[in-house]
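Trainee: Just need the structure, nothing else, for what follows:
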Amino acid sequence: MEHHQHRSGSLKQSNKGFKGGKHDSKGAVKRRAQGKVETNQPRQSLKNLAIAPSKFEIQKQKQKHLAQSKKNEILERRRLGLPDLLPPRIVSIVSLDENCDTSKIKTLLLQKLVNNGTVDESSMETTTGQENTVFSTVSITSKVRMMLMECRSNDVEIIVEYCKLSDIVLFVVDANQPVLSERAERIFSIVKAQSVPTVMQLIQNFSEIPLKKKNDLKKQFVSSFHFHFPDEPKVLPIDTEEDASQVNRYLENIHINQIVWRNQRAYMIIEKAQVVPQSDIVTIEGFVRAQNLSAKQIIHIPDFGDYQIEKIELVADPHIRRKSFYTGEMDDTQAPTIIDQAEKQDRDTIQTYNTPDPLDLEQPIITNEEIEMAKNKKKKLVPKGTSSYQSSWYLDDDEQEDQDDVDDQEMDNMMDDEQVEHEQQQMGQDEEEEEEEEEGVEEEKEEVEEAKTEDNKWKYIRDKSQITDELLKESDDEGNDMQSESEDEETRRKDERTEIEFPDEVDCPHNVPARIRFSRYRGLKSFRSSPWNPKENLPLDYAKIYQFHSFNQSMKNSIALLERAPVKPGVYVRIHLVKGPKQLVDAINVKPHVAVGLYRYENKISVLHFNVEKYKTYQDTVKSKETVFFQYGWRKFSTNPIYSLSSPNCDKQKFEKYLFPGRNTVATIYGPISYPPTPLLIFKNSSCDDLIATGYLSSINPDRIICKRITLTGFIAKSISKKFVTVTDMFYYPEDIMWFKKVELYTKLGRTGHIKDSLGTHGRMKCLFDGTMNQQDTICMNLYKRVYPKWIDENSNLLVSEEQAKLIN
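Mentor: Below you'll find the predicted structure:
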């Protein structure tokens, strides 16, 4: 029998298979689908659905956004009452090589603008300087203008001034010298330290290079330039008119770097200066830049001083020529209008120093009540060592009058018996005393002669107990607080190496007692936590300075006052200076000068602290209180800073004898107040040839305590037991040991202890320590005193004007 198999026909029911997976139910599948509809068409990607715009459309959109941003900027300037044209961009041409010709480059750039018809040669405002500079203000386009300045000097000081006030700096190098000189490296370092403006590098004489070497040579210039300025890719040749056209195009469209410390104050390049006849008023003209300006502010002109403003006038822009409405001819005459004026009582004072009242140091007047209280006070004469409880048993003076009368009568009887015997003995003693007095006078004369020498000076003073503050100060100066004029560099290098190997260690002199030599020093239990009152024993110079109750709040209030100032940036103004510098009229033809509007209190003297770092290529020693040249912000003057370490978790900072490389050092000076951020450059002298250090302003705080530490060392002469030792060579007089007995001792191997007693008469002492002592260990004692910077010399710098100096003196 064959096997039968049923085959379903076409009408057989076929149920849909379950596709929910192993664990999902139908409800879960429906909830996950959320109404989605299945389709058999392939799914298209979003990339295929998007339509990529063409290059023409992309360029069109960029132009549209750029035009809209310019339109918004013009509307904003009109809303603020500012002119449509921005102030000219300040472009400086600086040569890094003596073989470069900056005049040729300037002429080439200006001539190309004339040939293109961008600027009329007759309308070009040019002021030719006597020695160093040439001003030319021209229009690159109808909306962009530039003030082209040529630095003809090779002095680093003048180059630094050009870079400080420029928006764009064109560094010119010679194609025949691809390696930068040491001078060029130093200029780049200075520019970077005081904030970098927009820079470009121009290669002169590049057309003389063979064609095969041009690419490699340009790569070498680009590599060296990018090493110093990584964000500036512009390195261009400048030999032909085509090169000049390309440079002008970059000057029109290049982005201007914003220098924060410069843009936080109103400033102007002085284009014109005049003396008002029959008055002491000097007028200066220029574009106000960066911030608002008020007639109440103080104007600071570097190299001249600080001056008050009488009034500010709005003057027609001299670089825009206008047609007269009546004649149709070019007319530059426009009556100036006063936009701000301040009365004398409303202006900020030019008083730089606080004038101390000499009567503050006098003895106050004693009142009659205090005199009566002093008369009513009664004192009891009691034996030495009597306690307050025992003294109450002694009679007062009134109660003892009767007893004193009896005692006086008995004493008179005893004196009558002894008087005869005493007169006989006195006859013989008078003769001996006369001989001793004659010998004493001769010995005293010999001692005075010996005291005139340096070695025996302290011996005479110690024997006669005549110690003065001047002699103490002279002895302190012998301790290397001040720089000796005869000290050569090799001796200072040796002293610096000794300071690194044995920091703060000094030897106690043999001929001067330590209690006298170190009378101004004190011991501290802990340098970090021991209290030190910042107001005690302040020098007289602290009466001349100003101190803020809250520096941050004062800075915010000063900045907020100028936000409502009437003179807006971008306008061309004429400022009338009260008792202005008449020498400025001729000085602006030598090099560019800038006038800066100071915030309130920025002309006052206080104690300034700068975080500094020694420049890596400067190899000479830099000693505290050595005269150096400071440039911070727009200020520059000679001063004598002191250096200290920065310890943020301590209220006292350690004095540094030298400025060491690689350390977080703080330089402290007396100087005019400046609101941060403010960069700092320290030079060896005013020529700015040797850059010593760079830094920035960290704080203005007269209460910052800077302590000079000295370490007295001694050696173990004998071990009495494990913890008791005999120490020698730390002191040489037993009185000194008792004077410094309570100061804690420590050793270089980590032990701590204190002095127990003095042994003998040659300065040996018995000391107890907290552990077993090593015979080769060194005993140390730290002493501290507060030090202050040297007061600025008003006659050696130009902090103030001549009128201010007369007022102060």
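Trainee: Can you give me the buried ones in whichever strand or helix holds S223?
Mentor: Applying DSSP states H and E as the criterion places S223 in helix 211-228. Neighbour counts over helix 211-228 (16 or more other Cβ atoms under 10 Å) mark 217-218, 221, 224-225, 228 as buried. C-betas here are computed from N, CA, C, even on glycine.
Trainee: again, but for stretch 89-102
Mentor: So stretch 89-102, judged by 16+ other Cβ under 10 Å, has buried residues 89-97, 100, 102.
Trainee: same thing with stretch 682-699?
Mentor: 682-684, 688, 690-698.
Trainee: Now do the same for E496: helix, strand or coil?
Mentor: helix (DSSP: H, G, I helix; E, B strand; the rest coil).
Trainee: Surely it and Y658 touch.
Mentor: Yes: under the criterion of Cβ atoms under 8 Å, E496 makes contact with Y658 at 5.1 Å.
Trainee: So what's the gap between the helix or strand hosting E490 and the chain middle?
Mentor: Using DSSP H and E, E490 maps to helix 489-501. Its chain's average C-alpha position is 26 Å from that of helix 489-501, according to Cα atoms, centre = their mean, to the nearest Å.
Trainee: ok now whichever helix or strand comes after it, how far from the chain's centre?
Mentor: Going down the chain from helix 489-501, the next helix or strand is strand 505-506, by DSSP H and E. On the basis of Cα atoms, centre = their mean, strand 505-506 sits 30 Å off its chain's mean C-alpha point.
Trainee: Could you verify my assumption that S294 touches I339?
Mentor: No: in this structure S294 lies outside contact range of I339 using Cβ under 8 Å: 10.4 Å.
Trainee: who's more crowded, the two?
Mentor: S294 (20 against 17; other Cβ atoms under 10 Å).
Trainee: quick one: contacts of the helix or strand hosting A595?
Mentor: Secondary structure assignment for A595, by DSSP H and E: strand 594-598. Strand 594-598 is touched from outside by 165, 265-270, 284, 286, 291, 293-294, 297-302, 306, 348, 562, 575, 634, with contacts defined as Cβ atoms under 8 Å, 6 or more residues apart in numbering.
Trainee: Provide the secondary structure category for the residue nearest to S686 when sequence neighbours are not counted.
Mentor: Leaving aside its sequence neighbours, S686 sits nearest to F629 (Cβ to Cβ, 6 or more residues apart in numbering; 5.1 Å). Under three-state DSSP, F629 falls in the strand class.
Trainee: just use 89 as the starting number from now, easier for me
Mentor: Fine by me, first position is 89 from now on; the one you just mentioned is F717.
Trainee: quick one: I761 and H637, what's the gap?
Mentor: Distance from I761 to H637, counting by Cβ to Cβ, to the nearest Å: 14 Å.
Trainee: Compare neighbour counts for the two and give me the winner.
Mentor: Counted by other Cβ under 10 Å, I761 and H637 do not tie: I761 has more neighbours, with 24 against 6.
Trainee: Distance of that one relative to P669?
Mentor: For I761 relative to P669 (Cβ to Cβ), the value is 22 Å.
Trainee: about what we covered before: quickly list what's touching both of S382 and I427.
Mentor: Counting by Cβ under 8 Å, 6+ apart, the common neighbours of S382 and I427 are 654-655.
Trainee: On the three-state scheme, the closest residue to Q429 other than its chain neighbours is what?
Mentor: Among residues not flanking Q429 along the chain, K399 sits closest, at 4.1 Å (Cβ to Cβ, 6+ apart). In three-state terms, and counting by three-state DSSP, K399 is strand.
Trainee: got a list of what K399 touches?
Mentor: Contacts of K399 by Cβ under 8 Å, 6+ apart are 383, 426, 428-430, 664.
Trainee: Over to T782?
Mentor: Counting by Cβ under 8 Å, 6+ apart, T782 has contacts 277, 281, 700-701, 703, 767-770.
Trainee: Likewise for A281?
Mentor: A281 is in contact with 767, 769, 779, 782, counting by Cβ under 8 Å, 6+ apart.
Trainee: Tell me the strands beside the helix or strand hosting the last one, with direction?
Mentor: Just to be clear, that refers to T782. Assigned by DSSP H and E, T782 belongs to strand 779-788. Strand pairing for strand 779-788, using DSSP bridges, gives strand 693-702 (antiparallel), strand 767-771 (antiparallel).
Trainee: Pick the most buried one from these.
Mentor: For those, average neighbour numbers computed from mean count of other Cβ atoms under 10 Å are highest in strand 767-771, which has a mean of 23.
Trainee: strand partners of the lengthiest strand in the chain, parallel vs antiparallel please.
Mentor: The longest strand of the chain (DSSP state E) is strand 793-807. For strand 793-807, the paired strands and their directions (DSSP bridges) are strand 593-594 (parallel), strand 740-744 (parallel), strand 812-816 (antiparallel), strand 866-874 (antiparallel).
Trainee: Strands along the stretch 189-338 of the chain, start to end?
Mentor: 213-216, 222-227, 233-238, 256-262, 286-292, 323-325 (DSSP state E, counting those that start in this stretch).
Trainee: can you redo the ones you listed as a markdown table with distance to E577 and mean pLDDT?
Mentor: Formatted as a markdown table, those follow (distance: least, Cβ to Cβ, whole Å; pLDDT from 0 to 100):
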| stretch | distance to E577 | mean pLDDT |
| --- | --- | --- |
| strand 213-216 | 44 | 44 |
| strand 222-227 | 41 | 66 |
| strand 233-238 | 38 | 85 |
| strand 256-262 | 33 | 90 |
| strand 286-292 | 35 | 89 |
| strand 323-325 | 40 | 88 |
